[in-house]
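Enquirer: Here's my sequence, what's the structure:
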Amino acid sequence: MKALIYEGVESVVYRDVPDAKPNHGEHLIRIQAVGICGSDMHAYLGHDARRPAPLILGHEAAGVIVGGPRDGARVTINPLVSCGRCGACSAGRENLCPDRQIISMPPREGAFAEFVAMPERNLIDVPQHVSLSQAALAEPLAVGWHAARLGLEASHSSMERRALVLGGGAIGVAAALALSAMGVENVQIVEPNTLRRAYLQNAIPFKLVAETADTFPLIIDAVGFAATRATASALAQPGGVIAHAGLGEDSGGLDARRMTLQEITFFGTYTYTAEDFRETAQAIFDGRLGALDWVEARALSDGARAFQDLRRGAVSAPKIILAPWE
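Expert: Numbers count the residues shown, from 1 in each chain. The predicted structure is shown next:
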């Protein structure tokens, strides 16, 4: 099969690799759409030791089952494979399973390929009225859904239903859409990239600004750099909540003194639970997350150029979707 292989820092190559082979209880899926995630970019830049070269990256995917009793079924893929037996899994917190695996990290190759193998429990059927490019957004949208849900659960019921999202990439947009679907009427996004901000102004129903001095009861940091953590800790209202979903860099930025004196809650939020993923997929199918037309489609064979363009900050859309069949 053809695949886009991460071969070293700022090097991805489209070439032939051995075909994916499903294990017992798994299905072989022909990938029809797969998104480039920020974590794929971190690996591409050599910043993610969990993703050593050579490796097939990509975990935001949808496609069609090939062979077996479910041949031809259109599915979106939950890429997080958990053990199903530990305390975390039993509590419905599969994202914290100590034995969790995710495609695009060893030992599971990713979905920047013609085929990938996944367990039945990780697949959700996609109705005919939903495109597989839209269905491939279930994974990044679920990250935003999880962060929004936890942020609202941590907020005091007496606080205003207003929120600030830092970052207009796919996770930031996903978090904003999830907050709106959960009843938060006033959502603002900070996106300093002029190109992306201009693109989003016409694509999503939220106020976009390069920066703000306003304070908010709930802030979602979908970037995770020291600078965005500093912004979050400065703009959180007394008694407010910061949900940290970004993995930009490891440390720095938080104003621990202000957070202590103002009783600001800060917590990390990682991926999603299986229930979050199911709820997100259903919200896509129901249209509650909008048209989801803020993507740019390219061929998988053009993946190297897509990574280069993302590296240069030359992509206005929050998400590039690669299509192996083009």
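
Enquirer: burial measure for residue 322, as a count.
Expert: 26 (other CB atoms under 10 Å). (C-beta placed from N, C-alpha, C; glycine too.)

Enquirer: State the pLDDT value of the closest residue to it other than its chain neighbours.
Expert: Closest residue to residue 322 apart from its sequence neighbours, by CB to CB, 6 or more residues apart in numbering: residue 300 at 4.5 Å. pLDDT recorded at residue 300 is 97.

Enquirer: isn't residue 300 right up against residue 35?
Expert: No - Residue 300 is beyond contact range of residue 35, at 11.5 Å (criterion: CB atoms under 8 Å).

Enquirer: Now the common contact residues for the two.
Expert: residue 322 (CB atoms under 8 Å, 6 or more residues apart in numbering).

Enquirer: give the contact list for the residue nearest to residue 322.
Expert: The neighbourhood of residue 300, defined by CB under 8 Å, 6+ apart, consists of 2, 4, 14, 34, 112-113, 322-324, 326.

Enquirer: go with 6 Å
Expert: Shown in contact with residue 300 (CB atoms under 6 Å, 6 or more residues apart in numbering): 4, 322, 324.

Enquirer: can you tell me which of those residues lies nearest to residue 166?
Expert: When the contacts of residue 300 are compared for distance to residue 166 (CB to CB), residue 322 wins out at 26.5 Å.

Enquirer: any idea which residue sits dead centre in the chain?
Expert: residue 140 (2.4 Å; CA atoms, centre = their mean).

Enquirer: And the nearest residue to it once chain neighbours are set aside, how close does it get to residue 156?
Expert: The shortest distance from residue 140 to any non-neighbouring residue, by CB to CB, 6+ apart, is to residue 170 (4.4 Å). Note on residue 170: its distance to residue 156, by CB to CB, to the nearest Å, is 29 Å.

Enquirer: Pick out whichever of these two has more residues nearby.
Expert: Shown here are residue 170 and residue 156; by other CB under 10 Å, residue 170 has more neighbours (26 against 10).

Enquirer: Just confirm the more buried one contacts residue 318, I think it does.
Expert: Yes - using CB atoms under 6 Å, residue 170 makes contact with residue 318 at a distance of 4.6 Å.

Enquirer: Give the other helices and strands that the strand or helix carrying residue 30 contacts.
Expert: Per DSSP states H and E, residue 30 falls inside strand 26-35. On a contact count with 3 or more CB pairs under 6 Å, 6 or more residues apart in numbering; DSSP states H and E, strand 26-35 meets strand 60-66, strand 115-119, helix 132-135, strand 319-323.

Enquirer: average pLDDT across the helix ranked longest in the chain?
Expert: The longest helix of the chain (DSSP state H) is helix 138-154. For helix 138-154, mean pLDDT is 97.

Enquirer: still on that earlier bit, name the residues that touch the strand holding residue 30?
Expert: With contact meaning CB under 6 Å, 6+ apart, strand 26-35 is reached by 22, 58, 60-67, 111-112, 115-119, 132-133, 136, 319, 321-324.

Enquirer: Quick check, pLDDT for the residue sitting furthest away from the middle of the chain.
Expert: Distance from the C-alpha centroid of the chain, by CA atoms, centre = their mean, peaks at residue 261 (32.7 Å). The model reports residue 261 with a pLDDT of 97.

Enquirer: For residue 286, which of the helices and strands packed on strand 26-35 is the nearest?
Expert: Closest approach to residue 286 among the helices and strands packed on strand 26-35 (CB to CB): helix 132-135, 12.1 Å.

Enquirer: name the helices or strands packed onto that closest one?
Expert: Judged by 3+ CB pairs under 6 Å, 6+ apart, the packing partners of helix 132-135 are strand 26-35.

Enquirer: So what are the sheet partners of the strand it packs on and their directions?
Expert: For strand 26-35, the pairing partners within the sheet under DSSP bridges are strand 60-66 (antiparallel), strand 115-119 (antiparallel), strand 319-323 (antiparallel).

Enquirer: what's the spacing between that strand and its chain's center?
Expert: 17 Å (CA atoms, centre = their mean, to the nearest Å).

Enquirer: Compute the inter-axis angle for that strand and helix 138-154.
Expert: 80 degrees (axes from the mean of the first three to the mean of the last three CA atoms, to 10 degrees).

Enquirer: avg pLDDT for the helix or strand just after strand 26-35?
Expert: Moving toward the C-terminus from strand 26-35, the next helix or strand (DSSP H and E) is helix 38-44. Rounded to a whole number, the mean pLDDT of helix 38-44 is 92.

Enquirer: Next secondary structure after helix 38-44?
Expert: strand 55-56.

Enquirer: Alright, calling it a day.
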